[in-house]
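Engineer: Sequence first, predicted model second:
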Amino acid sequence: MSHANDLIRHDWSLNEIDHFFELPFNDLLFKAHLIHRTHFDPTSIQISTLLSIKTGACPEDCKYCPQSGHYNTTLKKEKLIDIQVVLEKAKQAKKSGATRFCMGAAWKHPSTKDFPAVLNMVASVKALGLETCVTLGTLTANQTEALKSAGLDYYNHNLDSSPEFYQSIITTRTYQERLDTLSHVRNKGIKVCSGGIIGMGEQQQDRAGLLMQLANLPTHPESVPINLLIRVKGTPMENVADFDPFEFIRTIAVARLLMPKSFIRLSAGRCNMNDQTQALSFFAGANSIFYGETLLTTPNPEQNEDLKLFKRLGLNSSTSIADHAKKSENNHLYRDVTHAHLTTYSA
Ligand code: SAM
Ligand code: DTB
Ligand code: SF4
């Protein structure tokens, strides 16, 4: 009998991925959900909370981003914030049920001047008993090593789109630089959080290209944030057309099929999704969210709204990743996937 672990692959072709995208919606969701419950308890959602530790005036020109210094958004810029503020927010996040605290800085890369303070933030948040994540832009191997020593669990560094589309949305860095940082992070033993943005005017082949890049990394990212573009006034993407929610859900489902054991995070853009889109995304394989009323600089659903939705859908926030694994191990229903079921998975 074929075992679910046989299906962890790193050699996906664009043709295979296109085939998944082209499946009838119900067939795709069925396959993705089956794989999802083979590896996870489908009622359990991991929650992360975000904090912007340095806001705006970023030298990069990412066309989607309210924090780029190249565009005229109404964002209030802020230098690196004080560690006491960070710790206060982290304690609140823990109290609200977050298991991971993610700190983001609008930098091309961390400066020598600010880096020691960030290392201190990582160590201090870790000491509160939270998983730590930072997103600081490009890293050198030495900086990565220092973050690991400070106790960093995850580094968020998104590939954001296909290599082809990337060139039309960012000109101040290359795709290869992103891949190099991901490889430093992996080599130093920090877990990888890498995903992208959907709904920027890219084609389906770009969504397939992004997922192929992520799924063909030597090790799948442990965490894959899928952001729906937030169209921020003043950025070049403020007037991009509405994105079809079914295509968004398809993208989640394909991510689940390609990276069966990764946490797929329903990330930015939830304020523009109705409850049904979020519910179908959870069915399709999303099992993580950003929780809390702001992302980095833009609004996120109110915590109360998320709690109500979880209740209506019978979802629970997982208290820890270990707990997540235990729940799914213990539930034989999820493990009991027959050969007949698994053959429906093959492309
Ligand atoms: N400066 C670092 C970097 O770019 O890697 C870290 C912070 S950056 C804001 C983190 C991620 O936020 C980006 O990679 C992108 O995926 C996401 N993001 C930024 N602006 C967004 C928007 N308007 N809508 C959706 N996602 C967005
Ligand atoms: C990710 O993929 N999404 C988060 C987190 N990683 C750092 C950031 C979303 C940012 C949305 C725009 C803003 O709030 O500034
Ligand atoms: Fe800077 Fe990150 Fe925004 Fe790009 S996405 S402008 S690198 S903060």
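Structural biologist: Nice, thanks for sending it over. Residues are numbered from 1 along each chain as shown. Ligands and ions are numbered 1, 2, ... in the order given.
Engineer: Restrict the longest strand anywhere in the chain to CA atoms and write it as PDB.
Structural biologist: Longest strand of the chain, by residue count under DSSP state E: strand 44-54. Extracted as PDB, the C-alpha positions of strand 44-54 are listed here (Å, rounded to 0.1, in the frame of the first residue of the first chain):
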ATOM      1  CA  SER A  44      -7.200  22.700  14.200                       C
ATOM      2  CA  ILE A  45      -5.800  26.100  13.200                       C
ATOM      3  CA  GLN A  46      -2.400  27.500  14.200                       C
ATOM      4  CA  ILE A  47      -2.400  31.200  15.000                       C
ATOM      5  CA  SER A  48       0.300  33.800  14.600                       C
ATOM      6  CA  THR A  49       0.300  37.400  15.600                       C
ATOM      7  CA  LEU A  50       2.200  40.100  13.700                       C
ATOM      8  CA  LEU A  51       3.900  43.300  14.800                       C
ATOM      9  CA  SER A  52       5.700  45.900  12.700                       C
ATOM     10  CA  ILE A  53       8.900  46.800  14.500                       C
ATOM     11  CA  LYS A  54      10.100  49.300  11.900                       C
END
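Engineer: Work out the gap between it and the centre of the chain.
Structural biologist: The offset between the C-alpha centroid of strand 44-54 and the centroid of the whole chain comes to 10 Å, using CA atoms, centre = their mean, to the nearest Å.
Engineer: Show me which residues of the helix or strand following it are buried.
Structural biologist: Remark: after strand 44-54, the chain's next helix or strand is helix 83-95, criterion DSSP states H and E. Residues of helix 83-95 classed as buried by neighbour count (16 or more other CB atoms under 10 Å): 86-87, 89-90, 93-94. All C-beta atoms are positioned from the backbone trio N, CA, C, and that covers glycine.
Engineer: Isn't Asp18 up against Arg207?
Structural biologist: No. Counting by CB atoms under 8 Å, Arg207 is not a contact partner of Asp18; they are 10.1 Å apart.
Engineer: Looking at those two, which one has more neighbours?
Structural biologist: Under the criterion of other CB atoms under 10 Å, the comparison of Asp18 against Arg207 puts Arg207 first, with 26 against 15.
Engineer: Identify the residues contacting that one.
Structural biologist: Under the criterion of CB atoms under 8 Å, 6 or more residues apart in numbering, the contact partners of Arg207 comprise 21, 161-162, 198, 247, 251, 254.
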